[in-house]
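S.K.: next comes the sequence, and after it the predicted model I'd like to discuss.
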Amino acid sequence: MVSKQAKRETTASVPGSWDRMMKAVLLPNQAVNFVRDEADGAISLTVPTRRPSFLFPPISWVIRPPKERLTILDHTGALLWKLCDGHRTVEEIVERFAILHHLSFHESRVSVTGYIKSLLQRGILAVAVQPED
């Protein structure tokens with residue numbers, strides 16, 4: 001019989017998972033297009049959208065979803081997007097962010113990983129994880 005509180009693994013409880021994530025290399029999604037730099041340090045990007053599965057004829061004749069959406073990243077997002085060049089690991093990005101904003105490594109890690117998660121969910125970044133030895 002399975003207990004009501006089945007054992008669930010979290011990122012922190014899986015051995016080596018945090019370390020593996022920090023060694024991942026981030027790169028911009030190749031389908032994302034740079035539009036322009038804004039005056040306040042923000043940047044504008046266009047991100048392709050997926051066609052919803054419910055759009056089939058005759059619905060697709062009436063409803064035309066946009067092929068891409070405009071995304072504006074604030075100064076922080078622009079900095080992180082530019083640091084994700086396919087060469088730096090998440091750990092290197094966190095360290096660089098900590099230096100630029102006078103934060104401890106752990107404070108920077110919380111901010112950077114949260115923002116990176118948002119960029120990944122919006123399809124702006126892609127992640128390359130090194131295979132385990």
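M.R.: Everything's here; your move. Numbering: from 1, shown residues only.
S.K.: contacts and neighbour counts: CA atoms only from here.
M.R.: Noted.
S.K.: and the strand or helix carrying Ile72, which strands flank it?
M.R.: Using DSSP states H and E, the element containing Ile72 is strand 68-73. Sheet pairing for strand 68-73, assigned by DSSP bridges, gives strand 43-48 (antiparallel).
S.K.: only C-alpha atoms, please: export the strand it pairs with in CSV.
M.R.: Only the C-alpha atoms of strand 43-48 are listed here, as CSV (Å, rounded to 0.1, in the frame of the first residue of the first chain):
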residue,chain,number,x,y,z
ILE,A,43,15.7,45.2,-25.2
SER,A,44,12.9,44.1,-27.5
LEU,A,45,12.7,40.6,-28.9
THR,A,46,10.2,38.7,-31.0
VAL,A,47,9.5,35.1,-30.0
PRO,A,48,7.7,32.7,-32.3
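S.K.: quick one: that strand to chain centroid distance?
M.R.: Remark: strand 43-48 is offset 13 Å from the chain centroid, using C-alpha atoms, centre = their mean, to the nearest Å.
S.K.: quick one: contacts of it?
M.R.: 31-38, 67-75, 78, 123-124 (C-alpha atoms under 8 Å, 6 or more residues apart in numbering).
S.K.: just after the helix or strand where Asp19 lies, pick out the following helix or strand.
M.R.: Assigning secondary structure by DSSP H and E places Asp19 in helix 17-22. Next along the chain after helix 17-22, taking DSSP H and E as the criterion, comes strand 25-28.
S.K.: only the buried residues of the next helix or strand after that next one, if you could.
M.R.: Sequence order places strand 33-37 as the next helix or strand after strand 25-28, per DSSP H and E. Neighbour counts over strand 33-37 (16 or more other C-alpha atoms under 10 Å) mark Asn33 as buried.
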